[in-house]
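**Student:** Predicted model and sequence below, questions to follow.
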Amino acid sequence: MLFPAVAAPPSNDDCLACHSDEVPRADGRKIAPVGPEFAASIHGQAGASCIDCHADLRKAELPHAEKLARVDCSPCHEKPAVEYAKSWHAEARRKSPASRAAVCADCHGTHDILPAKDPKSRTNHFRLPATCLTCHGDPAVVPTATRVAKTGDPSHFGDSIHGAALQKSGLSVAPNCANCHGVHEIRRLADPESTVNRPHVPATCGSCHQKILTDFETGVHFEAMKRGNPKAPVCIDCHSAHEIRTPETAAWRVGVIKECGTCHIDLIETYRDTYHGQVTELGFARVATCADCHGAHAIHSPKDPASTVSKQNVLATCRKCHPTATANFTKYDPHADHRNRQRNPLLFYTAKFMKWLLIGVFSFFGVHTLLWLPRSVQARRVHERHVHHRG
């Protein structure tokens, strides 16, 4: 019994018979040649076939329909596909078919996909930020207000200490977007599983800054975070997320005081009343800032013996700037509050006295001026009549 011949699926040569040159579309656009790009790609080098990706062409007659089914990468790349399905990009696509959230081709390319180690690859360690910014730096894809609201503008990554180390110094150990956000399983900030969700930020940063993480985990901020305090500061609150600057500059040391003041409102007010605060307000960093006294990452309660401002350590802390300081020197209160009677009774009553003295002086001379006014007006009239009679 004879069976009808089954048409063989198109080979790569069949596809390239047309796609070695530009192919015009019905809408007037042209499909660029894919032959050289595909031959140099990781798929071409591995001997992959066009129909491995364009599965709907296996039984299609050539020339095929202009609109093809979306390529499904999961049959070959199962693990990345599973991870991507959990991502914010996939979630956005599921919620809205019109979403422009990234799919595989947006990051890896189409026919010109190269291995990540290739310097020309879109996912190469040094090129990845530019790839991410094709969407996250475009207001038409990600509105400016959305991308800047919580973590700062990702477009400023290149100016950060991480971006400079990556793009200018060419350090392979410098982090890029994937080191913080993940590769395929990129989740929303609010997602508890996200690597950049607030409770996970210290561990994410600590994957590179291990010693700093160890110090941070001994401090009061980490303790507050572990207790579930949503306002407890983490790395990005002081350093920002994308615009991280080197803390060695005077501008950063002075500017970070404002970040401390967003939580410690009463303390920043009293600090600004002191010599230290007045000078730093002018932009000078040669006097003590918050971190100089309290530390940067291993910040402890003043009652903790390990604290740099505990009774045991405060003299050594002061001597970092004032080498001749004595024990008597430490009696100076860097956060003296004239409103706090228990902490500063002498200052409290002195401030009250000065306040009422000022009110009394102005009141006395105000009343004196008001009482003198009628007499002054009368004297002026007498003077004017006297001048008139003489004339």
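**Tutor:** Happy to help now that I have it. Residues are numbered from 1 along each chain as shown.

**Student:** Mind splitting the protein into its structural domains?
**Tutor:** Per automatic domain parsing, the structural domains of the chain span 9-68+104-124, 153-246, 250-336, 341-391.

**Student:** Dump the ones you listed to JSON lines, plus mean pLDDT, mean neighbour count and distance to Pro75.
**Tutor:** Placement of C-beta: from N, CA and C, glycine included. Converted to JSON lines, the domains of the chain look like this (pLDDT from 0 to 100; neighbours: other C-beta atoms under 10 Å; distance: least, C-beta to C-beta, whole Å):
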{"stretch": "domain 9-68+104-124", "mean pLDDT": "90", "mean neighbour count": "15", "distance to Pro75": "8"}
{"stretch": "domain 153-246", "mean pLDDT": "94", "mean neighbour count": "17", "distance to Pro75": "16"}
{"stretch": "domain 250-336", "mean pLDDT": "91", "mean neighbour count": "15", "distance to Pro75": "47"}
{"stretch": "domain 341-391", "mean pLDDT": "87", "mean neighbour count": "11", "distance to Pro75": "70"}
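
**Student:** Compare those domains and give me the one nearest Val141.
**Tutor:** Each of these was checked against Val141 via C-beta to C-beta, and the shortest separation belongs to domain 9-68+104-124, namely 9.9 Å.

**Student:** Dump stretch 98-110 to CSV, restricted to CA.
**Tutor:** This file holds the C-alpha atoms of stretch 98-110, laid out as CSV (Å, rounded to 0.1, in the frame of the first residue of the first chain):
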residue,chain,number,x,y,z
ALA,A,98,-0.4,45.4,25.3
SER,A,99,2.4,45.6,28.0
ARG,A,100,5.8,46.3,26.7
ALA,A,101,7.5,44.4,29.5
ALA,A,102,10.6,42.6,28.4
VAL,A,103,10.5,39.1,26.9
CYS,A,104,13.5,36.9,26.0
ALA,A,105,14.3,38.7,22.7
ASP,A,106,14.3,42.1,24.3
CYS,A,107,17.4,41.2,26.4
HIS,A,108,19.0,38.5,24.3
GLY,A,109,18.2,39.5,20.8
THR,A,110,16.6,37.3,18.1
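
**Student:** Between the domains of the chain, which one is closest to Val82.
**Tutor:** Nearest to Val82, of all these, is domain 153-246, at 8.5 Å by C-beta to C-beta.

**Student:** So what would you say the end-to-end distance of that closest one is?
**Tutor:** 18 Å (C-alpha to C-alpha, to the nearest Å).
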